[in-house]
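*Asks:* Only the shape, not the letters, is given here:
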């Protein structure tokens, strides 16, 4: 198995850099990655300590540092050590600079400024936590998105992910023996999305969940015939009400959320188009 020391240097929290590295590493198999994470690199003194570690553990250096003196020294020392160094955001920043006709602001962590979008995201997270698992249905009309699905279709984690993207999200379990509140069928503002999955996969997920809780693994909750009936009941409900459906069987939380956001955007584009007045000839 290949082994690689990966040094990630950022002048801010490093969240962006970690996501970039994670996405790139997902393309490779059979590699042991030893990650060295260095956030808040804003002085040459700090950089010198890091360079000593880089020299002791040579590998790939990826960085998001905007201070010209610090990044110049980093690149110079990496060349001296014979190590590749990659400025992760330069290509995108340069392209934007050329298109916009502006020079980029060399401000570390500028994306973390507490702007209106930040506070909207906080509000979305608070709303989502307060409207998990069918709670607070009286306020569902204030949501951007309502997720419905049988137990263990990843409603809560998907809701939280969407909230972190700024979407007020509520979710409701679909249980044949306990129909959802009537309000669910009369929502006008929120996009309602049904999450569906294959019965056999759902049985496996539920059984693992029961085992992790040290509960009896053989109940109606994991009976395949009953689970099939449960999923068909939910799918009929979604179809009868004209709700969009997302199959989460082979999707990660991020992929499911991306599909839901696409549906949300398409809905709003269609709504805007319907408001446009076609000029008479």
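*Replies:* Right, received. Where do you want to start? Everything quoted here is computed from the prediction, not taken from an experiment.
*Asks:* Now do the one helix or strand residue 99 maps to: which elements does it pack against?
*Replies:* Per DSSP states H and E, residue 99 falls inside helix 90-100. Using 3 or more C-beta pairs under 8 Å, 6 or more residues apart in numbering; DSSP states H and E as the contact test, no helix or strand touches helix 90-100. For the C-beta atoms, the positions are set from N, CA and C on the backbone; glycine is no exception.
*Asks:* From the chain's centroid, how far away is that helix?
*Replies:* Distance of helix 90-100 from the chain centroid (C-alpha atoms, centre = their mean, to the nearest Å) equals 25 Å.
*Asks:* does the residue lying closest to residue 251 once chain neighbours are set aside count as helix, strand or coil?
*Replies:* Of all residues not flanking residue 251 in the chain, residue 259 sits nearest, at 7.2 Å (C-beta to C-beta, 6 or more residues apart in numbering). When classified by DSSP: H, G, I helix; E, B strand; the rest coil, residue 259 comes out as helix.
*Asks:* quick one: residue 259 and residue 15, what's the gap?
*Replies:* 24 Å (C-beta to C-beta, to the nearest Å).
*Asks:* What of residue 133?
*Replies:* In terms of C-beta to C-beta, residue 133 sits 28 Å off from residue 15.
*Asks:* ditto for residue 37
*Replies:* Using C-beta to C-beta, which is the criterion applied here, residue 37 is 11 Å from residue 15.
*Asks:* Quick check: residue 121 touching residue 167?
*Replies:* No - Residue 121 is beyond contact range of residue 167, at 9.2 Å (criterion: C-beta atoms under 8 Å).
*Asks:* Any stretches of this structure with poor pLDDT?
*Replies:* 1, 104-116, 272-281 (pLDDT under 70).
*Asks:* rewinding a little: between residue 259 and residue 15, who's got more neighbours?
*Replies:* Just comparing residue 259 and residue 15: by other C-beta atoms under 10 Å the higher neighbour count belongs to residue 259, 17 against 14.
*Asks:* Can you show me the helices along the stretch 151-281 of the chain?
*Replies:* 155-164, 199-212, 224-240, 253-275 (DSSP state H, counting those that start in this stretch).
*Asks:* I'd like the ones you listed as TSV, with distance to residue 79 appended.
*Replies:* Shown next, in TSV, are the helices of the stretch 151-281 of the chain (distance: least, C-beta to C-beta, whole Å):
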stretch	distance to residue 79
helix 155-164	39
helix 199-212	50
helix 224-240	58
helix 253-275	36
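*Asks:* Residue 27 is nearest to which of these?
*Replies:* Evaluated over the helices of the stretch 151-281 of the chain, closeness to residue 27 peaks at helix 253-275, with 15.6 Å, by C-beta to C-beta.
*Asks:* just the angle between the closest one and helix 155-164, please?
*Replies:* On the basis of axes from the mean of the first three to the mean of the last three C-alpha atoms, to 10 degrees, helix 253-275 is oriented at 60 degrees to helix 155-164.
*Asks:* ok, and for the following helix or strand past the helix holding residue 99, which residues are buried?
*Replies:* For helix 90-100, the succeeding helix or strand toward the C-terminus, using DSSP H and E, is helix 116-130. Within helix 116-130, the residues that count as buried by 16 or more other C-beta atoms under 10 Å are 124-125, 127-128.
*Asks:* Name the residues that touch helix 116-130?
*Replies:* Residues from elsewhere that reach helix 116-130 (C-beta atoms under 8 Å, 6 or more residues apart in numbering): 136, 142-144, 159-160, 162-170.
*Asks:* Apply 6 Å and report the result again.
*Replies:* Residues outside helix 116-130 that contact it (C-beta atoms under 6 Å, 6 or more residues apart in numbering): 136, 159, 163, 166-169.
*Asks:* Do me a favour and get the end-to-end distance for stretch 158-175?
*Replies:* 19 Å (C-alpha to C-alpha, to the nearest Å).
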